[in-house]
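Asker: here is my input, please return the structure:
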Amino acid sequence: MRKQERQAIILKLIEQFEIGNQDDLQTRLTNEDVSVTLATLSRDLKELHVVKEPVEMGRAIYRVMKPMAAPDTHHFQQRFSEVVVDFTQVEFMNVIKTTPSDGNALAALIDELDEIKITGTLAGHDTILVISPDRQSAIELHEQWVKLLAR
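Answerer: Predicted coordinates:
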């Protein structure tokens, strides 16, 4: 069976039944005459953006994550210029200081950019740590943001 066919059946089963773990899903796939290892099933779930959603106390079931809207770069650029007080690049990171209470909100916008130069963010009240995969990416990101504030 082709991967696309198997994944289509997985999506159908997740929509049809309240499935709480991979063993249950694997059993249901077997009932559909689909043989799959747990390792392959795990990769399929990741590729399909399947997450566990709590439904009641101590119980969660698989759900397909809703696709996010395209990142709003204009909104990010506007907020960046409004709330950034200072930022500096240190090795493979950029540290951003924001106005009080704006760190977490701006970090969420940075995360939504899905920028290849950004591995992840850590945010607090007025500080954001933006981690890049390497020093060069952090430098390029810093230069990109310097230009953004110069506008």
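
Asker: and residue 146, which of the three is it?
Answerer: Look at residue 146: counting by DSSP: H, G, I helix; E, B strand; the rest coil, its state is helix.

Asker: now do it against residue 54, distance only.
Answerer: 42 Å (C-beta to C-beta, to the nearest Å). To be clear about C-beta, it is placed using only N, CA and C from the backbone, and glycine gets the same treatment.

Asker: can you name the next helix or strand after the lowest-mean-pLDDT helix or strand in the chain?
Answerer: Lowest on mean pLDDT, DSSP states H and E among the helices and strands of the chain sits strand 50-56, with a mean of 83. Note on strand 50-56: by DSSP states H and E, the next helix or strand toward the C-terminus is strand 59-64.

Asker: can you show me the CA trace of the helix or strand just after that following strand as CSV?
Answerer: Next helix or strand after strand 59-64 toward the C-terminus (DSSP H and E): helix 73-83. The C-alpha coordinates for helix 73-83 follow below in CSV (Å, rounded to 0.1, in the frame of the first residue of the first chain):
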residue,chain,number,x,y,z
THR,A,73,4.7,39.4,8.2
HIS,A,74,3.2,42.9,8.0
HIS,A,75,1.7,42.5,11.5
PHE,A,76,5.1,41.2,12.8
GLN,A,77,7.0,44.2,11.2
GLN,A,78,4.6,46.7,12.7
ARG,A,79,4.7,45.2,16.2
PHE,A,80,8.5,44.7,16.0
SER,A,81,9.0,48.4,15.3
GLU,A,82,6.5,49.4,18.0
VAL,A,83,7.7,47.3,21.0
